[in-house]
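> here is a sequence with its predicted model. Questions after.
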2 protein chains.
Amino acid sequence: MLGLDWGTTSFRAYCIDAQGAVLALRTAPAGILKVPSGAFEAALEREVGDWLEAEPGLPIIASGMITSRQGWLEVPYCPCPAGSAELAAGLLRHETARGRAIHFVPGLSIVGADDVPDVMRGEETQIVGAVGDAAGRRLLVLPGTHSKWVRAEDGRITWFATFMTGEVFAVLKEHSILGRLMKGDRPVDAAFTRGLAHAREGAGGLLRKLFSARTLGLFDRVPAEGIASYLSGLLIGTEIAEALGCLELPDGVEITVIGEGALCERYLTAIAAAGLSGRPAAEHASARGQFLIAQAAGLIG
Amino acid sequence: MLGLDWGTTSFRAYCIDAQGAVLALRTAPAGILKVPSGAFEAALEREVGDWLEAEPGLPIIASGMITSRQGWLEVPYCPCPAGSAELAAGLLRHETARGRAIHFVPGLSIVGADDVPDVMRGEETQIVGAVGDAAGRRLLVLPGTHSKWVRAEDGRITWFATFMTGEVFAVLKEHSILGRLMKGDRPVDAAFTRGLAHAREGAGGLLRKLFSARTLGLFDRVPAEGIASYLSGLLIGTEIAEALGCLELPDGVEITVIGEGALCERYLTAIAAAGLSGRPAAEHASARGQFLIAQAAGLIG
């Protein structure tokens, strides 16, 4: 089968064998915001047309922001709790002009105890892939522009919450007074660790703590080269504290981090600094999730 | 005397009589960032040269970001606690090319229990003006790009903290995904109140709560016209909760709000929604503070 993990800024295509193993991966900076005027079929043919020609009957599963209003086809959210069975039931089938059938995976929605909705698109597939059919309770985090913290029970997603950590970092770095003191954004470990500590131990909440990135810079207590890392540590540390405040964690729980190299490493460092244990998910969680959803839908044997 | 409240984006000049009453006020969009290549004397002569010609011996006091590294003359911070006497002792006298003496007011610095410094420039003069020589403890807030919460005792500033509320609002509105759903920024009271309530009662901390501005918009639970007001309420409500968490408030304390019309009103609404009582400061707090500092320095009779 072919699995498409098609997000806002990137396109990833997995060629997956009958046992769920990834045979090949192609990536391109062809996220949905970069596809001109909705020409998604042309983009698909450009990136993986040769694979599709070679295996015309290949089942295709697509997940990510490609299933949103700004994507190829808007798929209604599937309510939580949900696992591969519910996601399979919510697949939307679409036939391209060339006659290829694509199955779009729904995103997930949940309404909190405070009556405020939350949503995800794309992460549900990664989570299903990372969790598999494992029995018991699992806690996961997917760092990013909008980080997701997730509780899964017996292979189904039962709770999640979004934290705007990555986007807050980006807009403060690019557009606020905090960015003006920064020199470069090469990681500086000591500054990152100091930011984590201030998130845990500093006075006030985030709106006050953010100003420390300015004053510590002004007073040369954090070097200009480290202010971006300090701010990153402050925000990631705050996210972890907020997330733990939303959850009742059993002792010794392990947090699975789903994400790419450097950012995943930062979260593992931050989780350890908070006194918790974390581990990276196996790679290709999206492909694994797409395979499990395709299986549940009966698209593959 | 002449009082100059010269900030990052605006210039205000007060003509003050021997009893401290404001005889005249001139304002101009001639903040320090808008004065080309440090031509501050030319800007001063352009805005109030006629006053200075008419009364050549007029004592001149200047406060605000004009006393910073980016301003006319950098005045070292005065440490907290400080009132009019300490600020008077820290005045820096500068004679212009035309032979006019200007006395620049120092900003204030403080180091928190968490060993992180905090600073203000310009607000110290407003606070001294608003508090005067009143005995007892006072709590004040100066809303803005970088809001200040302040405790004053017997006319001296004994504690303060900065919250980046206004700047976080601005960068999220202009540059984040939250701004994309917003339609206009006319105040919508119901949305502002809802933001205040979510700050108090919603699940998680600020990084999580921010995402509610997106989902409530996506699900049409807050109209597009109200999302900016919702975000404003969420941030101001969060600031108030953070500030109260830093302070031990005696019962029935009244919070004095120093600021301009609409923003001051929003803070008074938010303070009332938090179950506290607030009142606006008398107008021209800067001029009053400049007068008290000039008196303490013996510059006026």
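That came through, no problem.

> and the strands in the stretch 201-301 of chain A?
A:254-257, A:277-280 (DSSP state E, counting those that start in this stretch).

> out of the ones you listed, flag the one nearest chain B.
Chain B lies closest, by C-beta to the nearest C-beta, to one member of the strands of the stretch 201-301 of chain A: strand A:254-257, at 16.6 Å. Bear in mind the C-beta positions are built from the backbone N, C-alpha and C, glycine included.

> so which bits of that closest one are buried?
A:255, A:256, A:257 (16 or more other C-beta atoms under 10 Å in any protein chain shown).

> bridging across strands, which residues link to the second one?
Right, the one you point to is residue A:256. residue A:140, residue A:279 (DSSP bridges).

> isn't it up against residue A:282?
No: using C-beta atoms under 8 Å, residue A:256 makes no contact with residue A:282, being 9.4 Å away.

> which residues are in contact with both of the two?
residue A:130 (C-beta atoms under 8 Å, 6 or more residues apart in numbering or on different chains).

> any stretches of the stretch 1-150 of chain A with poor pLDDT?
By pLDDT under 70, the stretch 1-150 of chain A has no low-scoring segment.

> for chain B, what are the nearby residues on it?
Contact residues, the stretch 1-150 of chain A versus chain B (C-beta under 8 Å from any C-beta of the partner chain): A:112, A:113, A:114, A:116, A:117, A:118, A:119, A:146.

> so which pair among these is furthest apart in space?
A:113 and A:146 (20.4 Å; C-beta to C-beta).

> so the two - more neighbours on which side?
residue A:146 (22 against 8; other C-beta atoms under 10 Å in any protein chain shown).

> how much space between the more buried one and residue A:167?
6 Å (C-beta to C-beta, to the nearest Å).

> again, but for residue A:262
18 Å.

> which one's more surrounded, these two?
More crowded of residue A:262 and residue A:167, by other C-beta under 10 Å: residue A:167, with 21 against 8.

> now do the helix or strand harbouring residue A:49: distance to the chain's middle.
Per DSSP states H and E, residue A:49 falls inside helix A:40-54. Distance of helix A:40-54 from the chain centroid (C-alpha atoms, centre = their mean, to the nearest Å) equals 25 Å.

> got it, and stretch A:177-188?
25 Å.

> buried stuff in it?
A:177, A:178, A:179, A:181, A:182, A:188.

> what about chain B: which of these touch it?
residue A:177.

> and of the buried residues of stretch A:177-188, the nearest to residue A:30?
Distances from residue A:30 to the buried residues of stretch A:177-188, taken by C-beta to C-beta, are shortest for residue A:179, at 28.9 Å.

> ok but the closest one is inside a strand, no?
No: assigned with DSSP: H, G, I helix; E, B strand; the rest coil, residue A:179 falls outside any strand and is helix.

> residue contacts, the closest residue to it other than its chain neighbours?
Leaving aside its sequence neighbours, residue A:179 sits nearest to residue A:173 (C-beta to C-beta, 6 or more residues apart in numbering or on different chains; 4.7 Å). Residues near residue A:173 by C-beta under 8 Å, 6+ apart: A:179, A:182, A:185, A:228, A:231.

> quick check, nearest of these to chain B?
residue A:179 (9.5 Å).

> pLDDT score for that closest one?
Listed pLDDT for residue A:179 reads 95.

> I'd say it and residue A:172 touch.
Yes: assessed by C-beta under 8 Å, residue A:179 is found in contact with residue A:172 at 6.6 Å.

> so how far is stretch A:100-113 off the chain centroid?
Taking mean C-alpha positions (C-alpha atoms, centre = their mean), stretch A:100-113 and its chain are 14 Å apart.

> repeat for stretch A:3-12
Distance, centroid of stretch A:3-12 to centroid of chain: 12 Å (C-alpha atoms, centre = their mean).

> try stretch A:181-193
That offset, for stretch A:181-193, works out to 24 Å (C-alpha atoms, centre = their mean).

> tell me who's in contact with the closest residue in space to residue A:188 that isn't next to it in sequence.
Leaving aside its sequence neighbours, residue A:188 sits nearest to residue A:226 (C-beta to C-beta, 6+ apart; 3.8 Å). Residues counted as contacts of residue A:226 (C-beta under 8 Å, 6+ apart) are A:188, A:190, A:191, A:192.

> give the buried subset of those residues as a ChimeraX selection command.
With 16+ other C-beta under 10 Å as the criterion, this ChimeraX line picks the buried residues out of these:
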select /A:188,191,192
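
> which ones among the contacts of residue A:226 are found in helices?
Mapping those onto helices (DSSP state H) picks out A:190, A:191, A:192.

> now do the helices in the stretch 1-150 of chain A.
Using DSSP state H, counting those that start in this stretch, the helices of the stretch 1-150 of chain A run over residues A:40-54, A:84-89, A:123-131.

> circling back: which one of the ones in helices among the contacts of residue A:226 is nearest residue B:27?
Nearest member of the ones in helices among the contacts of residue A:226 to residue B:27, counting by C-beta to C-beta, is residue A:191, at 40.7 Å.
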